[in-house]
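Visitor: The sequence isn't on hand, but the structure is:
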């Protein structure tokens, strides 16, 4: 078929594009914002991408147009497809029909940790010789791309609770026909489509109801909003966590610069020592989920043990973008208070005790939820592990009603009242000038944003190469 993907630069859509190309389809694409790592992946695939959106992007002879969930009525490409009555579909629906049906589907869901757990599970299955297919909402370091079409029976897919398309408001994961589903945790998120926590819980109940009786639910035991849902499962449930009561539990946890060492208890039985190369307690929980799910897929622990130790992580998840003048710059996708807190905790373990290095967090409110007031107080508390915090201007704030919009200055004031050095610096170039003049050897800077953030990572690394302060004093510091 000749297929056009509107919204192709989103992680899931770019991954679907790769799978479709491998299956022999002729592809074109379009998007509003195109930036790495997906832009790099699409370029390598040789898929032409047009930007910005416009009616002329959609080939009139396309057999199918896939509409990304960021597009809604009023978008010129949506209106063109409707006017022409062209056949259209969504990313989740087409993925299910083209690739999932007939395979054993391992669906990884939850408010946090989906991308890392999906990547880790795919890595374990691959290492064990199962030749899995996968689609991940990020780029696993071990595979260097966000998708794979393997010859094995298993398809590992990241299951997002966000809605499917403007014409299908169900969560994406309801399309994925899970044989085994992971739900790592449940918290309130996506304030633009879920009014409260109860509505988020209902979405995950929908996923649980799709697991067949012969299947399995692998569930995190440490979030109350998920724990209270578990009695509603129609299939066997296995739990994981760091505390008592979990079926899969990590004990004798030893964090270090080269990752984590822990002993695995499975049903109370000591299964020996395991090592995980990526830092953070949140990644330890992700590893437990991956081990439990791989076991459900028939991979023994002896095969999983070396795979866990060799896992290289995921791009944009505590990814080191570079080092200059003794300063390390990280990139992380965190855009929810829990994710921010856990990311900073993980980085704190990498700083030598008693050393002079500081942990500097640079935060861009970019997701819809982070641009609203709903989490403003929680965000203030989530930065406690940082030594310094810089808050940038919210991305496209006008998309949030003014009464619901985050106040960057109020957020900075609240962080400061909790004893942290916090500043509001609106523009990317001003942030770079400020930091390049003040950072010193041993400091770690983590950039927290779920978007491109104006190329701040590379700009900061270039500025750090220059002697002294490379820029003028910032003009928008509060």
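Guide: Looks like it arrived, so ask away. Because the structure is predicted, anything quoted here is derived from the model rather than measured.

Visitor: okay, and for the stretch 151-300 of the chain, where does confidence drop off?
Guide: In the predicted model, the stretch 151-300 of the chain carries pLDDT under 70 at residues 257-258.

Visitor: residue ranges for the helices of it, please.
Guide: Counting by DSSP state H, counting those that start in this stretch, the stretch 151-300 of the chain has these helices, from start to end: 197-208, 224-227, 281-296.

Visitor: Let me have those helices in a markdown table, extended by distance to residue 420 and mean neighbour count.
Guide: For glycine as for every other residue, the C-beta is placed from the backbone atoms N, C-alpha and C. Formatted as a markdown table, the entries for the helices of the stretch 151-300 of the chain read as follows, by distance: least, CB to CB, whole Å; neighbours: other CB atoms under 10 Å:
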| stretch | distance to residue 420 | mean neighbour count |
| --- | --- | --- |
| helix 197-208 | 28 | 16 |
| helix 224-227 | 28 | 16 |
| helix 281-296 | 21 | 26 |
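
Visitor: can I get the ones you listed in CSV with distance to residue 83?
Guide: Putting those into CSV (distance: least, CB to CB, whole Å) gives the following:
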stretch, distance to residue 83
helix 197-208, 32
helix 224-227, 43
helix 281-296, 44
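
Visitor: wait, which of those helices is closest to residue 400?
Guide: Proximity to residue 400 (CB to CB) singles out helix 197-208 among the helices of the stretch 151-300 of the chain, at 18.7 Å.

Visitor: How about residues contacting that closest one?
Guide: Residues external to helix 197-208 that are found in contact with it (CB atoms under 8 Å, 6 or more residues apart in numbering): 107, 109, 111, 159, 161, 170-171, 173-174, 178, 181, 183, 186-190, 194, 217, 225-226, 229, 232-234.

Visitor: May I see the ChimeraX selection of the buried members of these?
Guide: One line in ChimeraX is enough to select the buried ones among those; burial here means 16 or more other CB atoms under 10 Å:
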select :107,109,111,159,161,171,173,174,178,181,183,186,187,188,189,190,194,217,225,226,229,233
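
Visitor: For stretch 377-389, give me every contacting residue.
Guide: Outside of stretch 377-389, the residues within contact range by CB under 8 Å, 6+ apart are 337-338, 340-341, 344-345, 347-348, 358-363, 370, 411-412, 414-415, 417-418, 420-423.

Visitor: and that stretch, which residues are buried?
Guide: Neighbour counts over stretch 377-389 (16+ other CB under 10 Å) mark 379, 380, 382, 383, 385, 386, 387, 388, 389 as buried.

Visitor: confidence score at the first one?
Guide: Turning to residue 379, the model gives it a pLDDT of 89.

Visitor: Could you do the fifth one as well?
Guide: With respect to pLDDT, residue 385 has a value of 92.

Visitor: how close does it get to residue 142?
Guide: 28 Å (CB to CB, to the nearest Å).

Visitor: The fourth one now?
Guide: When distances are taken as CB to CB, residue 383 and residue 142 turn out to be 31 Å apart.

Visitor: go on, the third one?
Guide: In this structure, residue 382 and residue 142 are 29 Å apart, going by CB to CB.

Visitor: ok, now the last one?
Guide: With distances taken as CB to CB, residue 389 is found 32 Å from residue 142.

Visitor: Okay, and residue 346 sits in which element?
Guide: When elements are defined using DSSP states H and E, residue 346 is found to belong to helix 337-348.

Visitor: Just the residues contacting that helix, thanks.
Guide: Taking CB under 8 Å, 6+ apart as the rule, helix 337-348 contacts 111-112, 187, 279-283, 318, 330, 332-334, 359, 361, 363, 375, 378-379, 381-386, 444, 446, 448.

Visitor: among these, which are in helices?
Guide: 281, 282, 283, 378, 379, 381, 382 (DSSP state H).

Visitor: can you tell me which of the residues you listed lies nearest to residue 43?
Guide: residue 283 (30.0 Å).

Visitor: That closest one is in contact with residue 115, isn't it?
Guide: No - under the criterion of CB atoms under 8 Å, residue 283 is not in contact with residue 115, lying 11.2 Å apart.
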